[in-house]
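Asks: I need the structure of the sequence given here:
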Amino acid sequence: MSHKINSFISSDKDVASYEKRLSICLSTNGFSFSIKSTSDELLAIGDVACKTDTQMAELLTDVRNAFAEMHIQPFGLKNVELIIPSSQFVWIPQHLYDETRKNSYLESLCTIPSGYGVYSEYNDTIKAHLVYSANNSTVSAFKIALPGLQLHCQHFKMVNQTLVDMSDLCSVLMINVRAGESDFAVFCNKKLQLSNTFKCENIDETAYHALNITKQFRLEDAPLSVVLCGEIDRNSYSKLRPFFQNVSLYTGSKLRFSVPEMQHVATYRYALTLS
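Replies: Residues are numbered from 1 along each chain as shown. Below is the predicted model:
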């Protein structure tokens, strides 16, 4: 067995499969996931350690075995989504987007690695298409293991109605912290102003890029709300807090908890799967 279940909390509440939503977010050393009901009740949440950059057959086996071990039946669900972190992406306004030019949009900005494909999705919140690269083997493994799977880029999940609406009252800087990289999004006046990923080996580098962004966009001259999610701990939160007046942890959409233990889960670590 090459996978390991690091954490898992679930409810024994009887909910029909067609009323469940499964969301999975990849990381460098595995994936996190959550299962919600169609009425936004959290039914299960957890983390699985496995190699996500391995051969398709090995990853497929790990995914199937992990869900079987947790007694999760990933079939017949309302919807299943996979969030793949990508640092190669570009937003194209709806009125300028041409599906036949999808590859050229990205290839004009970066060199796509061998074995990677170009994918796109439409974000209705800002009326734009997000074009990005992803490992074809990884995508194929999850699509075989989880029928009906929808593919998303992490930046797609970071641009949602909740954050856009927040920016009507003050500017919003969202930071999704990951191992080795951090993702940033800036919203002002209900519009997306920045969407980018920077290499960040530690929280100090994340703070550096956050401060740089606030200066470039002159966000320090007006009310600013900084929302954090991802691999945040007490130490990293404490390091970022002194730089900004209004800092909070982002937990995605509002949820009801099916078991009391879930109230103690650091849901901001699962924010993208819960959005």
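
Asks: every contact and neighbour count from this point should use C-alpha atoms.
Replies: Will do.

Asks: my guess is residue 228 meets residue 246, correct?
Replies: No - Residue 228 lies out of contact with residue 246 (CA atoms under 8 Å); the separation is 11.0 Å.

Asks: higher neighbour count, those two?
Replies: Higher neighbour count among residue 228 and residue 246: residue 228, with 23 against 13, using other CA atoms under 10 Å.

Asks: name the strands paired with the helix or strand where that one lies and say parallel or antiparallel.
Replies: Using DSSP states H and E, residue 228 maps to strand 224-230. When pairing is defined by DSSP bridges, strand 224-230 lines up against strand 171-178 (parallel), strand 247-249 (parallel).

Asks: which elements pack onto whatever helix or strand comes next after that strand?
Replies: Under the assignment DSSP H and E, the closest C-terminal helix or strand after strand 224-230 is helix 234-240. Packing partners of helix 234-240 (3 or more CA pairs under 8 Å, 6 or more residues apart in numbering; DSSP states H and E): helix 203-216.

Asks: average pLDDT across the helix it packs on?
Replies: Mean pLDDT, computed over helix 203-216, is 96.

Asks: now swap in stretch 148-166 and tell me
Replies: If you average the pLDDT over stretch 148-166, you get 96.

Asks: can you list the strands paired with strand 224-230 in JSON lines and add mean pLDDT and distance to residue 70?
Replies: Shown next, in JSON lines, are the strands paired with strand 224-230 (pLDDT from 0 to 100; distance: least, CA to CA, whole Å):
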{"stretch": "strand 171-178", "mean pLDDT": "97", "distance to residue 70": "25"}
{"stretch": "strand 247-249", "mean pLDDT": "95", "distance to residue 70": "28"}
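
Asks: pick the most deeply packed of the ones you listed.
Replies: strand 171-178 (a mean of 24; mean count of other CA atoms under 10 Å).

Asks: need the per-residue pLDDT for the residue sitting furthest away from the middle of the chain.
Replies: For the chain, the residue at maximal distance from the C-alpha centroid (CA atoms, centre = their mean) is residue 221, at 29.3 Å. If you check residue 221, the pLDDT there is 80.

Asks: how near is it to residue 167?
Replies: Look at residue 221 and residue 167: by CA to CA, to the nearest Å, they are 15 Å apart.

Asks: swap in residue 189?
Replies: Shown here: residue 189 relative to residue 167, a distance of 5 Å by CA to CA.
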